[in-house]
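> What shape does this take:
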Amino acid sequence: MPHATLARPIQPADYLAWKPLWDGYNAFYGREGKTALPDEVTQATWRRFFDPNEPVFALVAERGGALVGLTHYLFHRSTTRIELTCYLQDLFALPAERGLGVGRALIEGVCEQAKSAGIKRVYWQTHETNAAGRMLYDKVAKHAGFIVYALDT
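As a prediction, the model looks like this:
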């Protein structure tokens, strides 16, 4: 019987296991080699998880004592709600672990954290080509039909 997946808050001792997952996530979205994130971005992101003044958080998925997935999320204000909103920014499972409940466990973990903080809305985005991810997302959430635009200034 396979090991159960545990979604838990990240800990400082997780860095060496988190970093390859983070690199895999970034590579999935084309941020590798010449287009890789600068190390200072990775280090700043890591520090934010443990800074009580930052609204950025992380969970990791653990199976059989090994980290097999990650999610990063943040709480922010909204003009359409009184309470904060939760944006699930990053979600990644090792390719060999996909379809085994890792993504679902991480999404549910974020939802539990949001609910504990009095937050009623969790939302995220993905690339239209992420067919495997979208199969899960269509089961656990409603696609609201929005199209995302981005502009770097």
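> Nearest spatial neighbour of Ala17, chain-adjacent residues omitted?
Nearest non-adjacent residue to Ala17, counting by Cβ to Cβ, 6 or more residues apart in numbering: Leu67, 4.1 Å away. Any C-beta I mention is one placed from the backbone N, CA and C, and that applies to glycine too.
> That neighbour: what secondary structure?
Applying DSSP: H, G, I helix; E, B strand; the rest coil to Leu67 yields a three-state assignment of strand.
> Neighbours of it, how many?
19 (other Cβ atoms under 10 Å).
> what is it paired to in the beta sheet?
Beta bridges link Leu67 to Glu62, judged by DSSP bridges.
> For the residue most central in space within the chain, list the residues it contacts.
The C-alpha lying nearest the average C-alpha coordinate of the chain belongs to Thr71 (Cα atoms, centre = their mean; 2.3 Å). Shown in contact with Thr71 (Cβ atoms under 8 Å, 6 or more residues apart in numbering): 7, 58-61, 88, 90-92, 106-107, 109-110.
> Out of these, which comes closest to Phe146?
When those are ranked by distance to Phe146 (Cβ to Cβ), Leu88 comes first, at 14.7 Å.
> Pull the contacting residues for the closest one.
71-73, 107, 110, 122-124.
> and the gap between it and Arg48?
Remark: distance between Leu88 and Arg48 (Cβ to Cβ, to the nearest Å) = 15 Å.
> go on, Leu100?
29 Å.
> And Ala7, by the same measure?
19 Å.
> Also Leu67?
19 Å.
> Buried ones in stretch 52-67, by neighbour count?
56-63, 67 (16 or more other Cβ atoms under 10 Å).
> now, the most widely separated pair of those residues?
Val56 and Arg63 (24.3 Å).
> which other helices and strands contact the helix or strand of the chain with the lowest mean pLDDT?
For the chain, counting by mean pLDDT, DSSP states H and E, helix 131-140 ranks last in confidence among helices and strands (a mean of 93). Identification of packing neighbours for helix 131-140 by 3 or more Cβ pairs under 8 Å, 6 or more residues apart in numbering; DSSP states H and E yields helix 102-116.
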